[in-house]
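*Asks:* let's see this in three dimensions:
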Amino acid sequence: MWSLQAAVILTCVAFCVALTPVYVNTAVGHIMGFQEQITLDGEQKLIYKFLGIPFAESTGGRNRFRKPVPKAPFTKTFNASKEPVACYQQSEQHNALYRYYGVSGFSEDCLTLNIYVPHELRASDLRPVMIWVNGVGFVLGASTVYKPEGLALFGNVIIVSINYRIGMLGFLRDQNGVFPGNQGLWDQHLAFRKTARAREFFASLHILIGANDKDGCGYYFLYQDALNHSTLDFNITKDDFTNTVVPIIVDSNLLPEDSNTKEALEKILSFSYTDWNDPDSYVSIRQNAIDLPTDISVFSPASITVRAHARLNVGKAYLYEFAVQTRTHNLPLPSWMKGSNQGKTNYSLFSFRCVRRVMLGNPNIPMDIKQFTNTVWPAYDVTSQRYFRISDQMSPASVVEGFYPRRMTLWSDVIPEIRRQHCPDKKQPDILVGSGAALFERRFALVIFILILLRWIDEEV
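*Replies:* So this is what the prediction gives:
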């Protein structure tokens, strides 16, 4: 759609100190971005930015709670040099949080994408493209919070980050079909189509997917309030876990239809997330209190997605768990928590240039990945289900077979069956079926990297 093969006109204005405009001529009209010099590892690097390009019409008015409407072609040059607004967050408190992170404002006219192009832009260049989909439980998120310039330049890849509707505006659904639901996922789907020519999009691309090992750490704030502790360094008893932690997870994530379903879900989760070799161990209880929300919001959706892709047997998939013991955290956390959590993977995972390798279909080449990991990263398949556990000490043991199979089966098979048994007449939430039979579960709540080997194109899909 927005062709980076198009001719580029650089215009340097003598009195313009900060920005040098960059113009591209595309099938949807003229777009003006800008070039910027940034410092990376002590060196000056040139990057081109095109910010806030709309891929859909406003989602307000008659378009509210509907599938996104593709944006009409521009009738004049579109100014893509300004930071875009974000979609409305779940609450005003969340809006305030993202203002603190630098978001300029919020609107229902928010379906935009940002393009970051490394080095000099030439018509003959073909670069791999990486799409960044932010994910904070589908209730928070904005494309501009994440700064991908370093990754684009270091990996020599084009990065596209997108906005999509979240919270009520992104996922409201009713019983009679007036509000179809999953609007936010359809927003993502349209953004993908605007980026890629491939009709069989999901099946044909190579993907890298995974999550941090402690991504459920944010729930510790809820546990702290519910258990009335003044600090985060507290122990959770078995009774606390059964009577407080598990109900918090069930009520905030599973939304049980009635008291019987709620009781059944709480019992199966209490049983499944107990170390029965030492059920009263504070160490195992607090680990399970993190594993439970990590599984429901991150690990299970990642597992479901990578299995769906692998069954299509076209593109390759690589699954990882990021378990590096980071020295700093984005959130205040208990002193005992040493793993990686929300936002800590970001771009550090790709600092050994695995980005371009995955886009070429194999993260182990062209440079021998063993120099950094002491082992080979295998592609995921439905039989062995091998994944890469990235930690401080990489070795052949970092390749693990079976991605927490007991826990993943609980979420993919057992929990849905419990809900069906208790509410046989109630239709379960739909999944989104996209190009190439791509399956995205409704709670696809993770920070996901979708890596595509493609070229920018001139026409709309």
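
*Asks:* buried stuff in the helix or strand that contains Asn114?
*Replies:* Per DSSP states H and E: Asn114 is located in strand 112-118. Judged by neighbour count (16 or more other C-beta atoms under 10 Å), strand 112-118 contains these buried residues: Thr112, Leu113, Asn114, Ile115, Tyr116, Val117, Pro118. In short, each C-beta sits where N, CA and C put it, glycine included.

*Asks:* name the helices or strands packed onto that strand?
*Replies:* In this structure, strand 112-118 packs against strand 43-54, helix 149-155, strand 158-162, helix 183-195, with contacts taken as 3 or more C-beta pairs under 8 Å, 6 or more residues apart in numbering; DSSP states H and E.

*Asks:* pLDDT and distance to Gln188 for the buried residues of strand 112-118 - can I get that in JSON lines?
*Replies:* JSON lines is the format used below for the buried residues of strand 112-118 (pLDDT from 0 to 100; distance: C-beta to C-beta, whole Å):
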{"residue": "Thr112", "pLDDT": "96", "distance to Gln188": "13"}
{"residue": "Leu113", "pLDDT": "94", "distance to Gln188": "11"}
{"residue": "Asn114", "pLDDT": "94", "distance to Gln188": "15"}
{"residue": "Ile115", "pLDDT": "91", "distance to Gln188": "16"}
{"residue": "Tyr116", "pLDDT": "92", "distance to Gln188": "18"}
{"residue": "Val117", "pLDDT": "89", "distance to Gln188": "22"}
{"residue": "Pro118", "pLDDT": "86", "distance to Gln188": "24"}
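
*Asks:* for Ala302, state which of those is nearest.
*Replies:* For these, the closest approach to Ala302 (C-beta to C-beta) belongs to Leu113, at 23.0 Å.

*Asks:* what's the local residue count around the spatially closest residue to the closest one that is not a sequence neighbour?
*Replies:* Spatial nearest neighbour of Leu113, chain neighbours left out: Ile162 (4.6 Å); criterion: C-beta to C-beta, 6 or more residues apart in numbering. By the criterion of other C-beta atoms under 10 Å, Ile162 has 23 neighbours.

*Asks:* what separation do you get for Ile162 and Tyr318?
*Replies:* 22 Å (C-beta to C-beta, to the nearest Å).

*Asks:* where exactly do the strands run in the stretch 201-350 of the chain?
*Replies:* Here the stretch 201-350 of the chain has its strands, by DSSP state E, counting those that start in this stretch, at 207-212, 317-322.

*Asks:* closest one to Trp132 among those strands?
*Replies:* Using C-beta to C-beta, these put strand 207-212 closest to Trp132, at 11.9 Å.

*Asks:* buried set for the closest one?
*Replies:* So strand 207-212, judged by 16+ other C-beta under 10 Å, has buried residues Ile207, Leu208, Ile209, Gly210, Ala211, Asn212.

*Asks:* coming back round to it: closest one to Leu410 among the helices and strands packed on strand 112-118?
*Replies:* Proximity to Leu410 (C-beta to C-beta) singles out helix 183-195 among those, at 23.5 Å.

*Asks:* contact partners of stretch 276-296?
*Replies:* For stretch 276-296, contacts defined as C-beta atoms under 8 Å, 6 or more residues apart in numbering pick out 211, 213-220, 223, 235-238, 240-241, 245-246, 249, 253-254, 269, 273-275, 334, 336-337, 404, 407-408, 410-411, 443.

*Asks:* please repeat the previous calculation with a cut-off of 6 Å.
*Replies:* 214-217, 219, 235-236, 238, 241, 245, 249, 253, 273, 275, 407 (C-beta atoms under 6 Å, 6 or more residues apart in numbering).

*Asks:* picking up where we left off before, would you list the strands of the stretch 201-350 of the chain in CSV and tack on mean pLDDT?
*Replies:* Output for the strands of the stretch 201-350 of the chain, formatted as CSV (pLDDT from 0 to 100):
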stretch, mean pLDDT
strand 207-212, 77
strand 317-322, 87
